[in-house]
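Asker: Sharing a sequence plus its predicted fold:
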Amino acid sequence: MAAVSIILPGVALGDPASQITLPGTNTPIPTAFSFATNTPTGPTPTPSATPTATATPTDTPTSTFTPTATDTPTATPSPTPTPNGPFSYPEGINPLTGLPYPNEEAMARRNLIVKISNYPPVVRPQSGLNQADVVYEYETEGGVTRFAAIFRSNAPDHVGSVRSARLIDLELVPMYQALLAYSGTSEPIQKLIMSSPWVYQAISPLKGDNCEEAGFCRFPRDGLAFEHTLFLNTRKAWELATRRNVNTGYRARGFAFSPFPDPNGLPANDVFIDWYGQTDARWQYDAATGRYLRWTDSLPHLDAADNQQLWTDNIVIIEVPHNDRPDLFEPESKTASLEIGLFPRQPGELGRAFLVRDGQYSQGYWLRRSAEPGDALMLIYGNNRPMMMKPGRTYVEIVRGFGDVVIRADREDMDATATAIFLSATPTFTVTPGPSPTPLPW
């Protein structure tokens, strides 16, 4: 069902449109990017007046006045700041956040992607999302979304519920040179994982990885289906990766950071994303903390681990092609695998992107320079200048089109809406057959 939405106006990019490379052309994307500099020129030297000795008309000889040298101000050049992405980062900085690693352990370990369920509503609140550095939210099928949470800075011992891998993970893993923790997957996709060059980076009960050695443990709960009871201890997952000799602290390039937002942004206090009325996400700016807080289905979306509302510093919204791949699902299934085109585009072809931070948004483009490991998502303006993200946590929201996104300067009164829902009859969530295949027992 098509979502009723507002197509957002474009943002002036500050450079002639002729400088951008639009989809459908064969002009290669430049690989060298120009960076704006904020380095001050320093004070202008001001010459000092030199006093001149004056002879005194007197019969008594006087000594000649010798002027005292006066220090002249010298312009001291400010050091050029070290680029914080998109290609290089200062020593000790996490390219996922633009912030220093909290400790040596975090710097040494590998990026870890954990697949986390977001449907049906009974799986909420999830655990551990507020400790992830980057979270991708994407459609699995039929408007149902799932999270791919990337951990590096923090090592929570209870993350989940953990669900299955999808086709998009075959792009995310090499992009971030990451480990992949998942519950299971369809047979065709599992074959692709097992034949990939990063097969030893995949951690799953489907491969025999268990609670004691890998950190995949079951936490049954009344009213919760078996497939929603699997959680991960990230420390044990990293320990397993160390024993497999794949726990190397590689960096992933792409994000660029600055404490200051880019100029000419438009107000963005309320961001609403709708996946066909099946799943939605609303982010509202909290000026007191400088963060965005999340609502889902008009209720505060919480993290069960810290009992806090999900929050982020940056919201990146990217428009990505979605294609059915019925060849990559079991023959008895009525649902095809969904191919989300996060792979490198054709030369000269860019995807549209919004960057939301600090109560404002800008429009630009997303790309991946290549399929080489570590070439991750990059955000640029039409003049190839990187879009500067706020140092901190990021949610990447993947949509089919910007018609499903509404960004506003004013905001919905979500507190009143949530209160009305709580005061109404307690909703009962019934899991009914939907677009997802019958869950497998992992």
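Answerer: Thanks, I have the structure now.
Asker: ok, which stretches of the chain are helices?
Answerer: 104-108, 169-176, 187-194, 211-214, 234-243, 414-423 (DSSP state H).
Asker: quick one: which of the ones you listed is nearest G249?
Answerer: helix 104-108 (4.8 Å; C-beta to C-beta). To be clear about C-beta, it is placed using only N, CA and C from the backbone, and glycine gets the same treatment.
Asker: for the record, mean pLDDT for the closest one?
Answerer: Mean pLDDT, computed over helix 104-108, is 97.
Asker: And the residue nearest the centre of the chain?
Answerer: Nearest residue to the geometric centre of the chain (C-alpha atoms, centre = their mean): T394, 3.6 Å.
Asker: what's near enough to touch the closest residue to it other than its chain neighbours?
Answerer: Nearest residue to T394 in three dimensions, chain neighbours excluded: N314, at 4.2 Å (C-beta to C-beta, 6 or more residues apart in numbering). In this structure, N314 makes contact with 355-357, 389-390, 392-395, judged by C-beta atoms under 8 Å, 6 or more residues apart in numbering.
Asker: low-scoring stretches of the protein, by residue?
Answerer: Across the chain, the ranges flagged by pLDDT under 70 are 1-81, 330-335, 418, 420-442.
Asker: Ok, which of the helices of the chain comes nearest L293?
Answerer: The nearest among the helices of the chain, by C-beta to C-beta, is helix 414-423 at 8.8 Å.
Asker: picking up where we left off before, what sits opposite the residue nearest to the centre of the chain in the beta ladder?
Answerer: Counting by DSSP bridges, T394 forms beta bridges with V134, N314.
Asker: do the same with the one 4 residues further on
Answerer: I398 has the following beta-bridge partners by DSSP bridges: I318.
Asker: Count residues in the vicinity of it, would you?
Answerer: 23 (other C-beta atoms under 10 Å).
Asker: I'd assumed T140 was in contact with it.
Answerer: No - at 11.1 Å, I398 does not count as touching T140 under the criterion of C-beta atoms under 8 Å.
Asker: circling back to that earlier point, next, the contact list for the residue nearest to the centre of the chain, please.
Answerer: T394 neighbours (C-beta under 8 Å, 6+ apart): 96-97, 133-135, 255, 312-316.
Asker: Nearest residue to L230 in space, please, no chain neighbours.
Answerer: Nearest one to L230, counting by C-beta to C-beta, 6+ apart, is V162 at 4.6 Å.
Asker: rewinding a little: and of the helices of the chain, who's closest to S88?
Answerer: Closest approach to S88 among the helices of the chain (C-beta to C-beta): helix 104-108, 16.0 Å.
Asker: buried sites along that closest one?
Answerer: 106-107 (16 or more other C-beta atoms under 10 Å).
Asker: Alpha carbons only: can I get stretch 230-243 in CSV?
Answerer: Output of stretch 230-243 as CSV, limited to C-alpha atoms (Å, rounded to 0.1, in the frame of the first residue of the first chain):
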residue,chain,number,x,y,z
LEU,A,230,17.9,-15.4,20.9
PHE,A,231,20.3,-12.8,22.3
LEU,A,232,24.0,-12.2,21.9
ASN,A,233,26.9,-11.5,24.3
THR,A,234,29.2,-9.4,22.0
ARG,A,235,32.3,-10.0,24.1
LYS,A,236,31.9,-13.8,23.6
ALA,A,237,31.4,-13.2,19.9
TRP,A,238,34.7,-11.2,19.7
GLU,A,239,36.5,-13.8,21.7
LEU,A,240,35.3,-16.5,19.2
ALA,A,241,36.6,-14.2,16.4
THR,A,242,39.9,-14.0,18.1
ARG,A,243,40.2,-17.8,18.3
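Asker: And it, how far out from the chain middle?
Answerer: With C-alpha atoms, centre = their mean, to the nearest Å as the basis, stretch 230-243 stands 22 Å off its chain's centre.
Asker: Give the buried residues for it.
Answerer: 230-234, 236-241.
Asker: cool, and stretch 180-188?
Answerer: 180-186.
Asker: what comes into contact with it?
Answerer: Contacts of stretch 180-188 (C-beta under 8 Å, 6+ apart): 112-115, 162-166, 169, 172-173, 190, 193, 198, 201-206, 216, 227, 230, 232, 234, 237, 327-330, 333, 337, 437, 440, 442.
Asker: before we move on, what about stretch 206-223?
Answerer: So stretch 206-223 is contacted by 122, 157, 162, 181-185, 190, 203-205, 226, 229-237, 240, 442 (C-beta under 8 Å, 6+ apart).
Asker: sorry, back to before: buried only: go through the contacts of T394 for me.
Answerer: 96-97, 133-135, 255, 312-316.
Asker: and those residues as TSV, adding distance to W366?
Answerer: Formatted as TSV, the buried ones among the contacts of T394 follow (distance: C-beta to C-beta, whole Å):
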residue	distance to W366
L96	16
T97	18
D133	18
V134	14
V135	16
F255	11
T312	17
D313	18
N314	13
I315	13
V316	8
